[in-house]
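# Here's my sequence, what's the structure:
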Amino acid sequence: MAASGKLASFRLPPLPTVSELVKLYKLRAEKQLSQNFLLDLRLTDKIVRQAGNLKDAYVCEVGPGPGGLTRSILNAGAADLLVVEKDSRFIPGLKLLSEAAPGRLRIVHGDILTYRMDRGFPDNISKPWQEDPPNLHIIGNLPFNVSTPLMIKWLENIANRTGPFVYGRTRLTLTFQKEVAERLTASTGSKQRSRLSIMAQCLCTVHSCFTIPGRAFVPKPEVDVGVVHFTPLIQPQIQQPFKLVEKVVRNIFQFRRKHCYKGLEKLFPEARRGELTQKMMQEADVDPILRPTELSIPQIRALVDAYASLCTHEPGLANYEYREQLRLKHLAKQRGTPTDIFSDPTTGTPASPQQPC
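Numbers count the residues shown, from 1 in each chain. Okay, here's the model as predicted:
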């Protein structure tokens, strides 16, 4: 009985329901911001449970909106909840929640893509990377339009142990469009296997929790929503710099329906494309006619390592970007400039476009 009484002490005092707050402050989900409200506290409680035990935890909530998930996090016993909200319309409702949970809810009116989360929490919660994760969680019902760029940013933070990961292997529990959630968790050979699958799984344990039907949101999105939990790995599965890994994986999947060598060819300047691609595939010992979706993470690791080795021996190769070459050639065509001035035929390093006379 005492334990249940202690648990009850976490509960918020009586407040207007989230639906009542939406009406009170005349809040509407903005379609251009990909906003969809989740007003059912049973579902927000279920999302929060996927994060684990939040008693006395530190939590950052991304895009709290009208505060449904915020209430569930506070009711779960979080000691310090930092919410980052870009839309000023939601701030009054969040302040009401802050008053109901004195000293437990901090509000930042800002953009999560630029907010310095490495300054958001005390240093004493940090845990060494090789140990268990810190008692810090990131939770969010993410707007669809920021979910993928934000996830890529956080994956780079994990690789570099920056941002929210200066405190250790901070865990994340996030919502995504169902299709994106399926990509994040897709296994080798799956049709959903993608750049996002590889980048997430080589840095984290990625767990698909459950799917929320679109009808649970206001307004109802055209798609269902997946809840995904991430725990950063102690050692990444591919131990090369994030940007190098991302470059190789991006090239592999740019022609996802073709043989994998087709995308890998574009890592190299045209004059040496065949030679260097063959050298890379042989060094990695990967079958060049496998489809991108059929490549396992160990095979991709071998390809990344082979590319890194080539770049070590010929440093100029690392600067070659196929799409940048296309852009420069298009610009040259518009200006009537010869297109062969834009790259070194050996390394493909772009030169500066000449201004027309």
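# C-alpha only now, for contacts and for neighbours.
Fine.
# Kindly provide the distance from the closest residue to residue 118 other than its chain neighbours to residue 237.
Leaving aside its chain neighbours, residue 118 sits nearest to residue 163 (4.6 Å; criterion: Cα to Cα, 6 or more residues apart in numbering). Using Cα to Cα, to the nearest Å, we find residue 163 at a distance of 21 Å from residue 237.
# Might you list the low-confidence residue ranges for the chain?
1-10, 12-36, 219, 325-357 (pLDDT under 70).
# Contacts only, for residue 299.
With contact set as Cα atoms under 8 Å, 6 or more residues apart in numbering, residue 299 has these partners: 284, 286.
# Need phi/psi at it.
When read as degrees, to the nearest 10, the backbone of residue 299 gives phi -70, psi -40.
# quick one: it and residue 159, what's the gap?
From residue 299 to residue 159 the distance is 20 Å (Cα to Cα).
# now do residue 319
21 Å.
# Neighbour count: those two, which is higher?
residue 159 (21 against 14; other Cα atoms under 10 Å).
# Surely that one is in contact with residue 203?
Yes: in this structure residue 159 lies within contact range of residue 203 using Cα atoms under 8 Å: 7.0 Å.
# and for these two, which residues touch both?
The contact sets of residue 159 and residue 203 overlap at residue 236 (Cα under 8 Å, 6+ apart).
# Please enumerate the helices of the stretch 151-300 of the chain.
Residue ranges of the helices in the stretch 151-300 of the chain, as given by DSSP state H, counting those that start in this stretch, are 178-185, 195-201, 242-252, 260-265, 273-284, 297-313.
# mind putting these in CSV, distance to residue 110 included?
Formatted as CSV, the helices of the stretch 151-300 of the chain follow (distance: least, Cα to Cα, whole Å):
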stretch, distance to residue 110
helix 178-185, 25
helix 195-201, 26
helix 242-252, 27
helix 260-265, 38
helix 273-284, 45
helix 297-313, 36
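# Could you say which one of these comes nearest to residue 58?
helix 195-201 (23.5 Å; Cα to Cα).
# Run the chain-centre distance for the closest one.
10 Å (Cα atoms, centre = their mean, to the nearest Å).
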